[in-house]
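Asker: what follows is a protein structure lacking sequence information:
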């Protein structure tokens, strides 16, 4: 996945929509914002290695927890210039919202994802990252056939059903392998220069973002960013779940 000609600047589009889970995209954005081009702890005065822009079809987007944001770029403009982005992040949302989006095969969100994967004008390697139930938007776009992927553990069966339903008319069988993992690097989408990475629920997107930093810029850079964030990231994508957590007040 490493770029044969490592760069110091990457453009990142972050798709947001009504009801999107906040940490799904702010977690990865926070990771990317802590990457320093000098491979040391974050320097607030340096030029950012990852330039992130939020994208939405609405001028004002109400996210989960009733938090409103104004996107940096409207979706129609981003679609026309999607070839300029190196990374596209697709967050998840409650399944009621996800189902509403994917039931319209021509929804603006699905159109943006398809445009990103088919932007042949860009020859450099690019990354498509879904977080949590954002994987359903990739699946509804027809991108997960034949791949091993993940999503929130409670939605794994429904993701398999979605992909199976889309594939039945083409192949007669489901070739999408939905597994319970922290994140999965499915490598390059066939016939494109786009690498698909899917992450598990919510906080798993943070680990997937560190994985991307590690692959693009090296382990030293990723480690420096994790120290800056005081976050112990899970470097191995196939960590078995559920993990056991212990909480006690005493």
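Answerer: Structure's in. What do you need? Because the structure is a prediction, the values reported are computed rather than measured.
Asker: can we go C-alpha only for contacts and neighbour counts from here?
Answerer: OK.
Asker: centre-most residue in the protein?
Answerer: residue 129 (2.4 Å; CA atoms, centre = their mean).
Asker: does that residue count as helix, strand or coil?
Answerer: Of the three states, residue 129 takes strand according to DSSP: H, G, I helix; E, B strand; the rest coil.
Asker: isn't it up against residue 197?
Answerer: Yes: under the criterion of CA atoms under 8 Å, residue 129 makes contact with residue 197 at 4.8 Å.
Asker: all strands for the chain, in order.
Answerer: Listed in chain order, the strands of the chain (DSSP state E) span 10-15, 50-56, 61-62, 68-69, 73-74, 87-90, 126-130, 148-149, 177-178, 183-188, 194-199.
Asker: do a quick rundown of the helices in this structure.
Answerer: Using DSSP state H, the helices of the chain run over residues 22-33, 75-80, 95-102, 108-117, 135-140, 156-168, 204-217, 219-229.
Asker: how about those in a markdown table, adding mean pLDDT, mean neighbour count and distance to residue 193?
Answerer: As requested, those are exported to a markdown table (pLDDT from 0 to 100; neighbours: other CA atoms under 10 Å; distance: least, CA to CA, whole Å):
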| stretch | mean pLDDT | mean neighbour count | distance to residue 193 |
| --- | --- | --- | --- |
| helix 22-33 | 97 | 21 | 21 |
| helix 75-80 | 94 | 17 | 18 |
| helix 95-102 | 97 | 15 | 24 |
| helix 108-117 | 96 | 20 | 8 |
| helix 135-140 | 98 | 26 | 16 |
| helix 156-168 | 88 | 18 | 22 |
| helix 204-217 | 95 | 23 | 15 |
| helix 219-229 | 91 | 19 | 23 |
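Asker: out of the ones you listed, which comes closest to residue 190?
Answerer: Closest to residue 190 of the helices of the chain is helix 108-117 (CA to CA; 10.3 Å).
Asker: for the closest one, enumerate the helices and strands it packs against.
Answerer: The helices and strands touching helix 108-117, judged by 3 or more CA pairs under 8 Å, 6 or more residues apart in numbering; DSSP states H and E, are helix 75-80, helix 135-140.
Asker: JSON lines for these, including distance to residue 207?
Answerer: Shown next, in JSON lines, are the helices and strands packed on helix 108-117 (distance: least, CA to CA, whole Å):
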{"stretch": "helix 75-80", "distance to residue 207": "26"}
{"stretch": "helix 135-140", "distance to residue 207": "16"}
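Asker: quick one: which of these is nearest residue 24?
Answerer: helix 135-140 (11.6 Å).
Asker: got the contact list for residue 152?
Answerer: 132, 133, 180, 199, 200, 201, 202 (CA atoms under 8 Å, 6 or more residues apart in numbering).
Asker: make TSV from those residues and add pLDDT and neighbour count to it.
Answerer: Formatted as TSV, those follow (pLDDT from 0 to 100; neighbours: other CA atoms under 10 Å):
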residue	pLDDT	neighbour count
132	98	30
133	98	31
180	95	22
199	98	32
200	96	31
201	95	25
202	92	22
